[in-house]
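S.K.: starting from these lines, generate the structure:
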Amino acid sequence: MFDVKRLWKNRASGRMKDLGRYLRYIFNGHLVIVLLFLIGTAAFYYQKWIESLPDSFPVELILAVVIGIFLTYSPVYNFLLEADRVFLLPLEDKLKGYFLRSGIVSFVYQGYLLLLAFAVLMPLYAKVNNHGFRLFVPFLIVLLLGKLWNIAVTWRIHYYVESAVHRWDLIVRYFINAVMAYLLFKQANLVILLFLAAIMAFYFYTFSVRTRTKSLKWDQLIEQEEKRMASFYRLANMFTDVPKLKDTVRRRKYLDWLISKIPFAQERSYLYLFSRTFLRSSDYLGLFVRLTVIGGLAIYFISFGLGQILLSVLFLYLTGFQLLPLWNQHQNKLWVDLYPVENHHKSASFHYLLMVILSVQVFIFSAFILLKAEWMNSLLTFLAGLAFSYIFVFIYGKNRLKA
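M.R.: Here you go, the predicted model:
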C-alpha cells in the first residue's frame, strides 16, 4: 500500500540529514570567526548610517523594493529525485498531501528568512517614522500572508512549461508585492489595501482555474530541485568533498584572451588546465566575482583606513580559502595522470594562479578606495593585501594542501 505520509517523511528527514552533515563542515573552524567579524562590522556601520539619515529619506520605497524580492522568490521545496519521473508520475493524483506538506515546510523556512530580513530593515523604518517598532508585528503578519500567496501562485505556475509564463509571472508578482509593501509601510487607507488583496486573490484564482485540467511538469520540478541542491553542494564542496556534486561548465569564449597569455610549454600544462577550470567553472569564477563585488562595495563605504585593510584581508581569505578545492578538481580523472609533467610543476602552477587571482582582487579593492581619492589608504591596502596573499598562498596554502 502506497503511504504518502511515510514517503514525505523519509524524503524530508533524508534531506535534513544531508544538509546537516555538510553544514557542520561549512560552519566549522575559521569561517565562523570571519562571519562574526563581518556581521559585527556591518551592524556597527549600519547603525551609524541609520543615525545619519534625514527625516525625508524614502524608507518606504527602499523597504518595498527589498521586501518585494524576498516575497517574489518563493520556491516550493518538493524533495523530488531523478527516479520520481518514472516511479511517482503514475501516482500524481495521490500526491496532493505530499506537495501540501512541502508547501507548508517551504512557507515556514521562507517565512523565517522574511522575518530576519524585515527585522534587519525595521530600524530604518523606525528611525524615519514616528511609530517606531510598534507596527512590527502587524506588518510582519501581512507580509507573511503575502509570502503564503506567493508560494501558492508559484505552485500553480509549475503547471506551465512555457518559460514566458514563468518570466511574466515573476515580473507581475514582483510589481504587486512591491506595491503592496509600499502601501503597507505608507499606512495607506484600509480600503486600498483590501482592493489590492482582492486583485491578488483574483490573480491566484485565475491560474488555479486554468491549471485544473493540466498535469504537473515533473521534469521541470525535478530540474529545479536539483539546481537548488547543486547550489548548496557547490558551497559545501569548498569545505569538504561532495560526491553528489555535478560539475557545471560554461564555454566563456570571451575570456579566451586571458588563456592565450600562457606560454605554450610542457611545464605550463597544469597552469593552462587550472586556468581553464577557473574561467569555465561556474563555481570558482562566480565565487570570485561575487566576493570581489561585495568586498569592494563594503570597503568603499568604510570610512577609516584600518577597517578597509582588515576587511580586504578578510575577503582575500574567504576567496583564497574557497578556491583551494580547485587543486583537487581533476584528481579523479585518469587522463590527467598521463601528462608527461613532473608533479612539482603542478604545485607551482596552482600556487602561481592562486597568487594572480588574489593579486587581481587586491588591485580591485585598492581601486575602490582610490575612487574616494584616499591615496594613502589605497596604497596601504594594496601592500597589505599583497603581503597577506603571499603568506596565504605559499605558506598556509601549501601546508593545507599537504595535509
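S.K.: quick one, domains of this protein?
M.R.: By the assignment in automatic domain parsing, the chain contains the domains 4-231, 253-402.
S.K.: let's have the ones you listed in CSV, adding mean neighbour count and mean pLDDT.
M.R.: Every residue, glycine included, has its C-beta placed from N, CA and C. Compiled in CSV, the domains of the chain are given as follows (neighbours: other C-beta atoms under 10 Å; pLDDT from 0 to 100):
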stretch, mean neighbour count, mean pLDDT
domain 4-231, 15, 87
domain 253-402, 16, 80
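S.K.: ok, Phe70 - contacts?
M.R.: Applying C-beta atoms under 8 Å, 6 or more residues apart in numbering, we find Phe70 in contact with Leu113, Leu114, Ala117, Lys147.
S.K.: can you rerun that using 6 Å?
M.R.: Residues touching Phe70, when contacts are defined by C-beta atoms under 6 Å, 6 or more residues apart in numbering, comprise Leu114, Ala117.
S.K.: name the element it belongs to?
M.R.: Here Phe70, judged by DSSP states H and E, is contained in helix 59-72.
S.K.: quick check: next helix or strand after that helix?
M.R.: Using DSSP H and E, the helix or strand that directly follows helix 59-72 along the chain is helix 84-87.
S.K.: roughly how far does the closest residue to Phe394 other than its chain neighbours sit from Phe264?
M.R.: With C-beta to C-beta, 6 or more residues apart in numbering as the criterion, Phe394 has its nearest non-adjacent residue at 6.2 Å, and that residue is His351. Between His351 and Phe264 the distance is 21 Å, computed by C-beta to C-beta, to the nearest Å.
S.K.: then Ile62?
M.R.: Applying C-beta to C-beta, the value for Ile62 to Phe264 is 53 Å.
S.K.: what do you get for Ile141?
M.R.: Counting by C-beta to C-beta - Ile141 and Phe264 are separated by 65 Å.
S.K.: now do Asp3
M.R.: In this structure, Asp3 and Phe264 are 62 Å apart, going by C-beta to C-beta.
S.K.: and what of Ser74?
M.R.: According to C-beta to C-beta, Ser74 and Phe264 sit 51 Å apart.
S.K.: one more: Ala367?
M.R.: 32 Å.
S.K.: ok, Lys147 next?
M.R.: Using C-beta to C-beta, one gets 56 Å for the distance from Lys147 to Phe264.
S.K.: centroid residue for this protein?
M.R.: By C-alpha atoms, centre = their mean, the mean C-alpha position of the chain lies nearest to Ser231, the distance being 8.0 Å.
S.K.: pull the CA atoms of the helix or strand where that one lies into PDB?
M.R.: Assigning secondary structure by DSSP H and E places Ser231 in helix 218-236. What follows is the C-alpha trace of helix 218-236 in PDB, where atoms were taken according to Å, rounded to 0.1, in the frame of the first residue of the first chain:
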ATOM      1  CA  TRP A 218       7.800  16.600 -13.400                       C
ATOM      2  CA  ASP A 219      10.900  17.300 -15.500                       C
ATOM      3  CA  GLN A 220      10.800  20.900 -14.500                       C
ATOM      4  CA  LEU A 221      10.100  20.300 -10.800                       C
ATOM      5  CA  ILE A 222      13.000  17.800 -10.600                       C
ATOM      6  CA  GLU A 223      15.400  20.100 -12.500                       C
ATOM      7  CA  GLN A 224      14.600  23.000 -10.200                       C
ATOM      8  CA  GLU A 225      15.100  20.800  -7.100                       C
ATOM      9  CA  GLU A 226      18.400  19.600  -8.500                       C
ATOM     10  CA  LYS A 227      19.600  23.100  -9.200                       C
ATOM     11  CA  ARG A 228      18.800  24.200  -5.600                       C
ATOM     12  CA  MET A 229      20.700  21.300  -4.200                       C
ATOM     13  CA  ALA A 230      23.600  21.800  -6.600                       C
ATOM     14  CA  SER A 231      24.000  25.300  -5.300                       C
ATOM     15  CA  PHE A 232      24.200  24.000  -1.800                       C
ATOM     16  CA  TYR A 233      26.600  21.200  -2.800                       C
ATOM     17  CA  ARG A 234      28.900  23.700  -4.500                       C
ATOM     18  CA  LEU A 235      29.100  25.700  -1.300                       C
ATOM     19  CA  ALA A 236      29.800  22.600   0.800                       C
END
